[in-house]
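A.B. asks: Sequence first, predicted coordinates after that:
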Amino acid sequence: MTRVSVTVDDRHLSALDGVVQGLRARGMQVEQVLDGLGIITGSVPAGTLGALSAVTGVASVDEQRVHRLPPPGAPVQ
Amino acid sequence: MIDPQAAGEPGSVRHGAVGPLTRTTGRQVLVLADDDGAVDWARAGLRDVADSRDFADGLVPPEVLRESAAIVFAALGIAVVAAEPAQVGVLAAGDGGRPVLSVSPELVHHVLDEGAASYARGYRDGVADLTGRLLAAPGEEPPGPARLEDTRQATWGVRAVGADTSSRSGRGIRVAVLDTGFDLAHPDFAGRAVTARSFVAGEGPQDGHGHGTHCIGTACGPRTPPSGPRYGVAHEAEIFAGKVLGDDGSGTDAGILAGMNWAVTNRCPVISMSLGADVPEAHPPYSAAGRRALAQGSLVVAAAGNNADRRAGSWGFVGAPANSPEILAVGALDQALAPAWFSARSLPGRGGQVDVAAPGADVCSAWPMPARYNTISGTSMATPHVAGVAALWAEATGRRGLELWATLVQEGERLLQPSVDAGSGLVLAPR
């Protein structure tokens, strides 16, 4: 599975439910609907990320990144 | 700066330390308070007052400007008054209704080229100055800024941004710090308003790393800690601690975006994110999130990144999320107010720039007990200095979103450093 963040375009911010339905129909397992930001997070089977771009109201689909801090003892954080 | 008290002769004021005396018109320029109340001109004995709202498009004809006793520029909240000092005194004392914020003599402005003689004088002075500098013996170079140190009263970072001498405290302003959580039992924060949430699966908001507690300490630490110097900027801000990085120091976009969504929904005017991934491209979700946060009154500040090694000639680049233009990217300064050796440089091309700079070397702040304090370096440490200063400005001005961003830039101190490293310079707290 690939973890993804789907950014919804400005015109569909008030219609997030419809976008969520479209994403589920294309195989996305939706985890969070962030209505304050217009972003939907979740996961898709590896290699199927591109299919989500076709859903109406989707501005971009991006694979999630991992952010990592140095260990607590590191001098530069 | 114009200081009417330093006038060299009656009816004139001096511009700077040198140069010709500036002429005044005898009229006074009044800055009116920011409300729409009417000024009671009759009380000051003034008739024949023109108001820009009485003219189409606010365009006041020049003869009216010349002949009226007073002209009000309604869109600016400024009036130009031809009156006796006693009459102006009545207005300035607030006896005329709408309060007057300042009274200054109206100056006569000139285009800068006053003619050949003036040009020649300027040229002569410029050449004299240049030859003086070029011929000066080595060693006469003015010394750089003194190195800032921690004192018993305050850390060098708190002193550098002027938080220790600010009249503001961040009272009433919610500051969200999205990081590794917070040491909820830290004695320096006893009695403070803290709202803590975890966006990391299987972990509570308690800080199991230290980084989050350190950042919250810098942004919101107390004015007078029980021991040691003051290390916090906005000492009465309301703390929103969002844990988006786990005890191992790592987290995903999903948790970070969830934390941002929580902070925006809770109307936090400032969101501090001392985190990032070393990727040179802006990440679209952060651009959208930053833009939508600004539109809802939340300013997102983020660390530029520590991927430079300037000692080895490597300049690094601003990583995500700070490289989204909609997010305020913070570079780190050392105690000489020069870019710290690890502080990332702006990406080439549009976007991805360092926007402002703040103290980020050898920063002392809170750390989970029993250590209590720790001194570390990083753009992570610079970021909460900016967040704290932003909270002070949010309190002082009521500004939010892009207006608050602009205020940080507008009020910052320009540095003799490349803008690709320090952006618009060192952020400064309101006085």
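C.D. replies: On my side now, so go ahead.
A.B. asks: C-alpha only now, for contacts and for neighbours.
C.D. replies: Will do.
A.B. asks: gap between A:Arg3 and chain B?
C.D. replies: 9 Å (C-alpha to the nearest C-alpha, to the nearest Å).
A.B. asks: Checking my notes, that residue in a strand, right?
C.D. replies: Yes - counting by DSSP: H, G, I helix; E, B strand; the rest coil, A:Arg3 is part of a strand.
A.B. asks: That one - how many residues pack around it?
C.D. replies: 22 (other C-alpha atoms under 10 Å in any protein chain shown).
A.B. asks: What separation is there between it and A:Asp17?
C.D. replies: Here A:Arg3 is placed at a distance of 20 Å from A:Asp17 (C-alpha to C-alpha, to the nearest Å).
A.B. asks: Could you do B:Asp35 as well?
C.D. replies: 43 Å.
A.B. asks: ditto for A:Val44
C.D. replies: Applying C-alpha to C-alpha to A:Val44 and A:Asp17 gives a distance of 18 Å.
A.B. asks: which residues in chain A form strands?
C.D. replies: Along chain A, the stretches classed as strands by DSSP state E are A:2-8, A:29-34, A:39-44, A:58-63, A:66-68.
A.B. asks: A:Val44 and A:Asp17: who's more crowded?
C.D. replies: Using other C-alpha under 10 Å, the more surrounded residue of A:Val44 and A:Asp17 is A:Val44, with 22 against 13.
A.B. asks: out of everything not next to it in sequence, what's closest to whatever residue of chain A ends up closest to chain B?
C.D. replies: Distances between chain A and chain B by C-alpha to the nearest C-alpha are smallest at A:Arg68, namely 4.0 Å. Distances taken as C-alpha to C-alpha, 6 or more residues apart in numbering or on different chains place B:Ser250 nearest to A:Arg68, at 4.0 Å, with adjacent residues excluded.
A.B. asks: before we move on, what about B:Gly251?
C.D. replies: Closest to B:Gly251 by C-alpha to C-alpha, 6+ apart is B:Leu245, at 4.4 Å.
A.B. asks: quick one: contacts for the one you found?
C.D. replies: A:His67, A:Arg68, B:Leu178, B:Asp179, B:Thr180, B:Gly181, B:Val200, B:Gly251, B:Thr252, B:Gly255, B:Ile256 (C-alpha atoms under 8 Å, 6 or more residues apart in numbering or on different chains).
A.B. asks: number of nearby residues for the last one?
C.D. replies: The reference is to B:Ile256. 23.
A.B. asks: Helix or strand: which one has it?
C.D. replies: B:Ile256 is part of helix B:253-265 when elements are defined by DSSP states H and E.
A.B. asks: packing partners for the very next helix or strand once past that helix?
C.D. replies: Where DSSP H and E defines the elements, the next helix or strand beyond helix B:253-265 is strand B:270-273. Secondary-structure packing of strand B:270-273 (3 or more C-alpha pairs under 8 Å, 6 or more residues apart in numbering or on different chains; DSSP states H and E): strand B:174-179, strand B:299-303, helix B:379-397.
A.B. asks: how about these, which one is nearest B:Tyr123?
C.D. replies: helix B:379-397 (42.0 Å; C-alpha to C-alpha).
A.B. asks: After that closest one, which helix or strand is next? Please name it.
C.D. replies: Next along from helix B:379-397, by DSSP H and E: helix B:401-411.
A.B. asks: Would you mind listing what in chain A touches chain B?
C.D. replies: A:5-7, A:32, A:34-39, A:41-42, A:60, A:62, A:64-72, A:74-77 (C-alpha under 8 Å from any C-alpha of the partner chain).
A.B. asks: please redo it, this time with the cut-off set to 7 Å
C.D. replies: A:5, A:7, A:34, A:36-37, A:41, A:60, A:64-72, A:75-77 (C-alpha under 7 Å from any C-alpha of the partner chain).
A.B. asks: okay, B:Gln87: pLDDT?
C.D. replies: On the pLDDT scale, B:Gln87 is placed at 86.
A.B. asks: Can you classify it by secondary structure?
C.D. replies: When the rule is three-state DSSP, B:Gln87 gets the label helix.
A.B. asks: Find the nearest non-adjacent residue to it, please.
C.D. replies: That would be B:Ala44: by C-alpha to C-alpha, 6+ apart, it lies 5.0 Å from B:Gln87.
A.B. asks: Kindly provide the distance from that neighbour to chain A.
C.D. replies: The value you get for B:Ala44 to chain A, if C-alpha to the nearest C-alpha is used, is 53 Å.
A.B. asks: Got the phi and psi for that residue?
C.D. replies: phi -90, psi 10 (degrees, to the nearest 10).
A.B. asks: Let me know the helix or strand that B:Val354 is in.
C.D. replies: Per DSSP H and E, there is no helix or strand for B:Val354.
A.B. asks: Okay, it and B:Ala406: tell me how far apart.
C.D. replies: Taken as C-alpha to C-alpha, the span from B:Val354 to B:Ala406 is 14 Å.
A.B. asks: Can you pick out the residue with more neighbours from the two?
C.D. replies: B:Val354 (32 against 13).
A.B. asks: Next up, the contacts around that one.
C.D. replies: Counting by C-alpha atoms under 7 Å, 6 or more residues apart in numbering or on different chains, B:Val354 touches B:Ala304, B:Ala329, B:Val330, B:Gly331, B:Arg345, B:Ser346, B:Val420, B:Asp421, B:Ala422, B:Gly423.
A.B. asks: and those as JSON lines, adding distance to chain A?
C.D. replies: Shown next, in JSON lines, are those (distance: C-alpha to the nearest C-alpha, whole Å):
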{"residue": "B:Ala304", "distance to chain A": "12"}
{"residue": "B:Ala329", "distance to chain A": "16"}
{"residue": "B:Val330", "distance to chain A": "14"}
{"residue": "B:Gly331", "distance to chain A": "13"}
{"residue": "B:Arg345", "distance to chain A": "16"}
{"residue": "B:Ser346", "distance to chain A": "19"}
{"residue": "B:Val420", "distance to chain A": "21"}
{"residue": "B:Asp421", "distance to chain A": "18"}
{"residue": "B:Ala422", "distance to chain A": "18"}
{"residue": "B:Gly423", "distance to chain A": "21"}
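A.B. asks: Quick one, which of those are buried?
C.D. replies: Neighbour-count burial (16 or more other C-alpha atoms under 10 Å in any protein chain shown) is assigned, among the contacts of B:Val354, to B:Ala304, B:Ala329, B:Val330, B:Gly331, B:Arg345, B:Ser346, B:Val420, B:Asp421, B:Ala422, B:Gly423.
A.B. asks: Which of those residues fall within strands?
C.D. replies: B:Ala329, B:Val330, B:Gly331.
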